[in-house]
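**Student:** give me the fold of what follows.
(one chain, ligands or ions: 3)
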Amino acid sequence: MWRRRLGALLLRSPPSSSSPAASSCQRSRHHLLPTEEPLALNRLARLFTSQAGSDGDGGHSQKPFIAFVLGGPGSGKGTQCTKIASDFGFVHLSAGDLLRHEIASGSEKGELILDIIKQGRIVPSEITVELIRKAMEMSNANKVLIDGFPRCEENRVAFERIVGTEPDIVIFFDCPEDEMVKRLLGRNQGRVDDNIETIKKRLKVFESLNIPVVDYYSSRGKVHKINATGTADEIFEAVRRIFSSLRF
Ligand SMILES: Nc1ncnc2c1ncn2[C@@H]1O[C@H](COP(=O)(O)OP(=O)(O)O)[C@@H](O)[C@H]1O
Ligand SMILES: Nc1ccn([C@@H]2O[C@H](COP(=O)(O)OP(=O)(O)O)[C@@H](O)[C@H]2O)c(=O)n1
Ligand SMILES: [Mg+2]
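**Tutor:** Numbers count the residues shown, from 1 in each chain. Ligands and ions are numbered 1, 2, ... in the order given. Now for the predicted structure:
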């Protein structure tokens, strides 16, 4: 089963040591949190061991269908994911929501995440991937939307290494900057990063770090680019055409 392959991959992962203080995508080389990585490895090693030979555990024995949903801040990822989840039976996992949930838990890790989000920077990949991996595991879904991830090359590589798989498709919402800024300033959800100063930083991070990820998946023929201007319903018509043509 795919989780067994995942366990095997993890058991081959090399150990590492470096500081948790800096955000991985802003650094030039890969880094792993010294305490996080062995923890993740141990947990997954256990998973690997306990599930060997137990396909009848009620869980999905096949790799879930995974769609990464990308686009600049305010491009409408969350809005469209809600519609896709409801019409096509996907579980919607928002990387940003998982990180905000960790902040709300009051954990020490949450303090680090809050600091990075306030600056519009990218949280160390191992933290985000571990939250996504756990959420995927808990949902036990066979169709998953991963919204707002991967935000940078390191996110992408960490997902492939830790979860042990690649997305089946990548949806990219293409939206002009002025429209994204207008939407974010009107979002009104009390977010610490929806202010003009942080929005400018997020847009820069999007251009320099997230667009290369979209380009990477484009070169592998996985990207469906959608014009994200117009009403949410108009955009969803284009989204619907893509999802209706898929065979999950
Ligand atoms: N097509 C649209 N036209 C106008 N406003 C939109 C549209 N889609 C979403 N919004 C609004 O813009 C804001 C950002 O949308 P959201 O889905 O949270 O984007 P993202 O997850 O990409 O940041 C929200 O307030 C949302 O209600
Ligand atoms: N993969 C991710 C996703 C979000 N984040 C952080 O969380 C913030 C909010 O992400 P989000 O996806 O909720 O934001 P929107 O694009 O939906 O506005 C980002 O600006 C990053 O600081 C991250 O570090 N890594
Ligand atoms: Mg969002």
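**Student:** can you confirm H92 is in a helix?
**Tutor:** No. Membership of H92 in a helix is not supported by DSSP: H, G, I helix; E, B strand; the rest coil, which gives strand.
**Student:** so what's it bridging to?
**Tutor:** H92 has the following beta-bridge partners by DSSP bridges: L145.
**Student:** what separates it from K118, distance-wise?
**Tutor:** Applying CB to CB, to the nearest Å, the value for H92 to K118 is 25 Å. Where C-beta positions appear, they are placed from N, C-alpha and C, glycine not excepted.
**Student:** looking at the two, which one has more neighbours?
**Tutor:** H92 (21 against 15; other CB atoms under 10 Å).
**Student:** tell me the contacts of that one?
**Tutor:** 81-82, 84-85, 145, 147 (CB atoms under 8 Å, 6 or more residues apart in numbering).
**Student:** type out the PyMOL command that picks the buried ones from the residues you listed.
**Tutor:** Selection of buried members from the contacts of H92 for PyMOL, criterion 16 or more other CB atoms under 10 Å:
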select buried, resi 81+82+84+85+145+147
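**Student:** any chance of the contacts of H92 in TSV, with distance to ligand 2 and pLDDT too?
**Tutor:** Shown next, in TSV, are these (distance: CB to the nearest ligand atom, whole Å; pLDDT from 0 to 100):
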residue	distance to ligand 2	pLDDT
C81	10	99
T82	12	98
I84	15	98
A85	15	98
L145	12	98
D147	7	99
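**Student:** between the contacts of H92, which sits nearest ligand 1?
**Tutor:** D147 (6.7 Å; CB to the nearest ligand atom).
**Student:** what is the burial count for S86?
**Tutor:** S86 is flanked by 10 other residues according to other CB under 10 Å.
**Student:** out of the contacts of H92, list just those in helices.
**Tutor:** 81-82, 84-85 (DSSP state H).
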